[in-house]
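Peer 1: here is my input; please provide its structure:
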Amino acid sequence: MSNGRQKLLKILMAPRPGKLQGYQKQARQGLMPKRWNILRGDTVQVVDRRHPERGKQGKVLDVDREKLAVLIENVNMHEEEIEADPERGTKASKEMRERPVHYSNVHLVDPVTGFPTKIAYSYLNGEKVRISKRSGAVIPKPPPPSKPIDPIPSEDSDTMDDGEVWAATYVERTNKWEDMREELVKKLEERDGSRI
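Peer 2: Okay, the predicted model is just below:
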């Protein structure tokens, strides 16, 4: 293929700015949010007028910062088909799951009034906190997720607790410089002992 044709194909195959969808368009135009006010565990309400779930409140299950979306508990539900797996012995079924909602379509819920609110940041006792613009109340940050679950050892594992694992894998070594110093002292003592 000639060089001119390759250039033409590249131009024709490149996505047009008008064809980009949603978050791709915002990312291209530099409209990514500077600060994320919505965190996992916050209570939010859908405020977009065109959204079918408008007015519903729920707890944020997940935040996808690349796609600018949040997953809200029991909001924007859809039916998802789960395929059968004969190896595991499961049948095909349908399950209701949440779909993500764009972050701009939701607002945090004011803890005092229970209505959606915008927020501002302020310092309280030297700590940066979120303040509701509706009532002036402090919106506490949700606690971090619980610690990860410890892996369950398999039945064929020869070590069952941490102490056994450390005993089997950890070898105590002295410092490299300490070993070199001891060798040097021994050599000096042998040399001095041979002179006498």
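Peer 1: what average pLDDT does the lengthiest helix in the chain get?
Peer 2: Scanning the chain for the longest helix, with DSSP state H as the assignment, gives helix 176-195. Averaged over helix 176-195, pLDDT sits at 83.
Peer 1: check the offset of it from the chain's centre.
Peer 2: In terms of Cα atoms, centre = their mean, to the nearest Å, the centre of helix 176-195 is set 55 Å apart from its chain centre.
Peer 1: if I look at Val109, how far off is Lys141?
Peer 2: Look at Val109 and Lys141: by Cβ to Cβ, to the nearest Å, they are 14 Å apart. Bear in mind the C-beta positions are built from the backbone N, C-alpha and C, glycine included.
Peer 1: repeat that for Arg40.
Peer 2: When Arg40 is compared with Lys141 (using Cβ to Cβ), they lie 10 Å apart.
Peer 1: now swap in Val185 and tell me
Peer 2: 58 Å.
Peer 1: out of these two, which sits in the busier spot?
Peer 2: Lys141 (13 against 10; other Cβ atoms under 10 Å).
Peer 1: tell me the helices and strands packed up against the longest strand along the chain.
Peer 2: Criterion DSSP state E: the longest strand present in the chain is strand 57-64. Strand 57-64 is packed against strand 43-46, strand 69-72, with contacts defined by 3 or more Cβ pairs under 8 Å, 6 or more residues apart in numbering; DSSP states H and E.
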